[in-house]
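*Asks:* How does the following fold in three dimensions:
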Amino acid sequence: MTPVTNLPPAIVGFTAEPFGNGLFLVSGIVIDANPGGLAVTFGGSTSARGQTVTTNANGIFSGLVQLRTDGTDTGFLSVTTIDSQNLESQSAQVFVDPTVDTAPPTAAPSSPPVIVGFEDEEVGNGLFLISGTVVDESPGNLIVTFGGGTSANGLTVTTNGDGSFSRTIQLRVDGTDSGFLTATTVDGQGLASQPVQVFLDPTTP
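*Replies:* Below you'll find the predicted structure:
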């Protein structure tokens, strides 16, 4: 039997799993004659609107979205995709309700670590305070490694018992040290986190 190829793609199994502090793992499957490499676009009423993730060869997609926890980001999160024949899927949606959570976020066992709240603060004259939190079942004493296009590439910092980390880095202020600073970590099970990044532009005060 010849597969039907002129049908629009369909999104099934769309879910949003909360990790705490407004972080959601969003996943689903695109059913299509050629499901791999499709861009899945978030819509709806939350601040994740416009973000995209890409399907793997089997049509599976997943991605992390960080929503506000001040009560302004509760609503429907939807996804759509367009296949290689320029046919658009139906809209799949879930209701998300991020709430303020002051306790350290936790992750399910056997899940890879997740870096949240990755931020920079320029102290002055090219000195930056870099901070964030690793979400993991055992978040303490993990090595966070910096990468990217600045001279901080290769530097590391160790997480505290609650997964938080911070360190200062010194960048050049002559215009040659601007770029993205990335961070990744590997947990005690050997699982690697997603990379996170911030753009640093050191300037002379």
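*Asks:* Mind checking which residue lies nearest the centre of this structure?
*Replies:* Note on the chain: the residue nearest the mean C-alpha position is residue 64, at 4.2 Å, using C-alpha atoms, centre = their mean.
*Asks:* Dig out what it forms beta bridges with.
*Replies:* Beta-bridge partners recorded for residue 64 (DSSP bridges): residue 25.
*Asks:* Now do the contacts for it.
*Replies:* 23, 24, 25, 26, 114, 194 (C-beta atoms under 8 Å, 6 or more residues apart in numbering). In short, each C-beta sits where N, CA and C put it, glycine included.
*Asks:* Quick check: PyMOL command selecting the buried ones in those residues.
*Replies:* Restricted to buried positions by 16 or more other C-beta atoms under 10 Å, the PyMOL selection for these reads:
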select buried, resi 23+24+25+26+114
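*Asks:* out of the contacts of residue 64, who's nearest residue 158?
*Replies:* residue 114 (17.4 Å; C-beta to C-beta).
*Asks:* how many other residues sit next to the spatially closest residue to the closest one that is not a sequence neighbour?
*Replies:* Closest residue to residue 114 apart from its sequence neighbours, by C-beta to C-beta, 6 or more residues apart in numbering: residue 135 at 4.3 Å. Residue 135 has 24 neighbouring residues, counting by other C-beta atoms under 10 Å.
*Asks:* likewise residue 72?
*Replies:* 11.
*Asks:* same deal with the one 4 residues further on?
*Replies:* By other C-beta under 10 Å, the residues close to residue 76 number 13.
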